[in-house]
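*Asks:* What would the 3D arrangement of this be:
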Amino acid sequence: MFKHLGFGLNLIALGLFFPGIFLPMFTLEMELTASISGSPTISSELVNQELSIMQTVEELWNDQRILVALLIFAFSVCIPLLKTSLVSIAYFAKKHTIEKRLLNFVGFIGKWSMADVFVVAVFLAVLSTNHAETANQQQIGIMGFKLILDISSQTLSTVGQGFYFFVGYCLISLAGTQVALHGFQQRNQLDKNEIAAS
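*Replies:* Below is the predicted model of the structure:
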């Protein structure tokens, strides 16, 4: 039962994974506003961008931040796919020893799956800039006139759909792997008890 449940949870996690890496994780908007001595405000949008995990990797790669791009790609894409693939292979494995090796390896690399959670934490840190506003007021004297220059900027970040899919993937994948490992250990213990009883 645990074996089937673990496999089912990993399939659900895989279904959440792809929208999680391709849909926008967050939207970042930055606007600059300026006014002179109470005149009408002039505003300009500096940044208006939606980023998914894959777009973030691509932008980092294009900006020559290759190490960071590779780390995010490895921990957010490669390791999760490897983990899900191995759990699936273990589910269909006919030999008990192959299933054991695969699940033990998944348990070992499961420690690296905390990197998934790290990626979510990084995006949450970005979102902490929500509504961050800076304001600056300068007085300028031109030909005996005093002008007051008000400049302010506002940063607004919001969570995108990809964030929820990726968090769902992280939680369900973790649960699926633990259930599969528990099922294997339980079957292993039953086999040992049967051998001891005979």
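*Asks:* Give me the distance between Q49 and G20.
*Replies:* 18 Å (C-beta to C-beta, to the nearest Å). In short, each C-beta sits where N, CA and C put it, glycine included.
*Asks:* Where does pLDDT dip in the chain?
*Replies:* Confidence mapping of the chain against pLDDT under 70 gives the ranges 36-40, 46, 110-151, 198.
*Asks:* that older thread, higher neighbour count, Q49 and G20?
*Replies:* Taking neighbours as other C-beta atoms under 10 Å, Q49 and G20 compare with G20 leading, 27 against 13.
*Asks:* Strands of the protein, residue ranges please.
*Replies:* In order along the chain, the chain carries the following strands (DSSP state E): 26-36, 42-51, 132-142, 145-159.
*Asks:* which other helices and strands contact the second one?
*Replies:* Helices and strands touching strand 42-51, by 3 or more C-beta pairs under 8 Å, 6 or more residues apart in numbering; DSSP states H and E, are strand 26-36.
*Asks:* mind running it again at 10 Å?
*Replies:* Contacts defined by 3 or more C-beta pairs under 10 Å, 6 or more residues apart in numbering; DSSP states H and E place strand 42-51 against strand 26-36, helix 53-62, strand 145-159, helix 161-197.
*Asks:* Quick check: which of those is nearest to I98?
*Replies:* helix 161-197 (11.5 Å; C-beta to C-beta).
*Asks:* how big is the angle separating the closest one from helix 53-62?
*Replies:* 110 degrees (axes from the mean of the first three to the mean of the last three C-alpha atoms, to 10 degrees).
*Asks:* Give me the buried stretch members for helix 161-197, please.
*Replies:* 162-163, 165-170, 172-177, 179-181, 183-184 (16 or more other C-beta atoms under 10 Å).
*Asks:* And for stretch 59-72?
*Replies:* For stretch 59-72, using 16+ other C-beta under 10 Å, the buried residues are 60, 69, 71-72.
*Asks:* chain center to it: distance?
*Replies:* Remark: stretch 59-72 is offset 16 Å from the chain centroid, using C-alpha atoms, centre = their mean, to the nearest Å.
*Asks:* same deal with stretch 85-105?
*Replies:* Counting by C-alpha atoms, centre = their mean, stretch 85-105 comes out at 27 Å from the chain centroid.
*Asks:* What of stretch 42-53?
*Replies:* On C-alpha atoms, centre = their mean, the centre of stretch 42-53 falls 20 Å from the chain's centre.
*Asks:* Pull out the buried residues from it.
*Replies:* So stretch 42-53, judged by 16+ other C-beta under 10 Å, has buried residues 50-53.
*Asks:* Would you mind giving those residues as CSV with distance to I79 added?
*Replies:* Shown next, in CSV, are these (distance: C-beta to C-beta, whole Å):
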residue, distance to I79
E50, 25
L51, 21
S52, 18
I53, 13
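*Asks:* gap between the residue nearest to I12 when sequence neighbours are not counted and S152?
*Replies:* The shortest distance from I12 to any non-neighbouring residue, by C-beta to C-beta, 6 or more residues apart in numbering, is to I172 (5.4 Å). According to C-beta to C-beta, I172 and S152 sit 43 Å apart.
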